[in-house]
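> Dropping a prediction and its sequence here:
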Amino acid sequence: MKKPFTTRLDPSVLALAERIADTERRSVTAVIEIALIEYAERRGIKKPEVSDD
């Protein structure tokens, strides 16, 4: 289960995420999630195991 959270972004960064999301027919949330996963992978950071509680 995905966990909701609130964040603040620079308006230009949000506009960039919205543009990418529109181009790729994804949600802004999906674009941000993919960007974080790719960032971690490039740096050799493993995704932690978490419970669905």
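Perfect, I can see it now.

> would you list every one of the helices in the protein?
Applying DSSP state H to the chain gives helices spanning 11-24, 28-42.

> how about those in JSON lines, adding distance to S51 and mean pLDDT?
Using the backbone N, CA and C atoms, a C-beta is placed for each residue, glycine as well. Output for the helices of the chain, formatted as JSON lines (distance: least, C-beta to C-beta, whole Å; pLDDT from 0 to 100):
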{"stretch": "helix 11-24", "distance to S51": "28", "mean pLDDT": "98"}
{"stretch": "helix 28-42", "distance to S51": "19", "mean pLDDT": "97"}
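
> Quick one, which of these gets closest to M1.
In this view, these are compared for proximity to M1 by C-beta to C-beta, and helix 28-42 is the closest at 14.0 Å.

> S27 contacts I20, correct?
No: contact status for S27 versus I20: not in contact, 10.6 Å apart, counting by C-beta atoms under 8 Å.

> more neighbours, those two?
The residue with more neighbours, out of S27 and I20, is I20; 16 against 12, by other C-beta atoms under 10 Å.

> For the more buried one, which residues are in contact?
Neighbour list for I20: 26, 31 [criterion: C-beta atoms under 8 Å, 6 or more residues apart in numbering].

> Dump the helices of the chain to JSON lines, plus distance to K2.
Below are the helices of the chain laid out as JSON lines (distance: least, C-beta to C-beta, whole Å):
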{"stretch": "helix 11-24", "distance to K2": "16"}
{"stretch": "helix 28-42", "distance to K2": "8"}
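
> of all the ones you listed, which lies closest to P48?
helix 28-42 (9.9 Å).

> Give the full set of residues in contact with I34.
Applying C-beta under 8 Å, 6+ apart, we find I34 in contact with R26.
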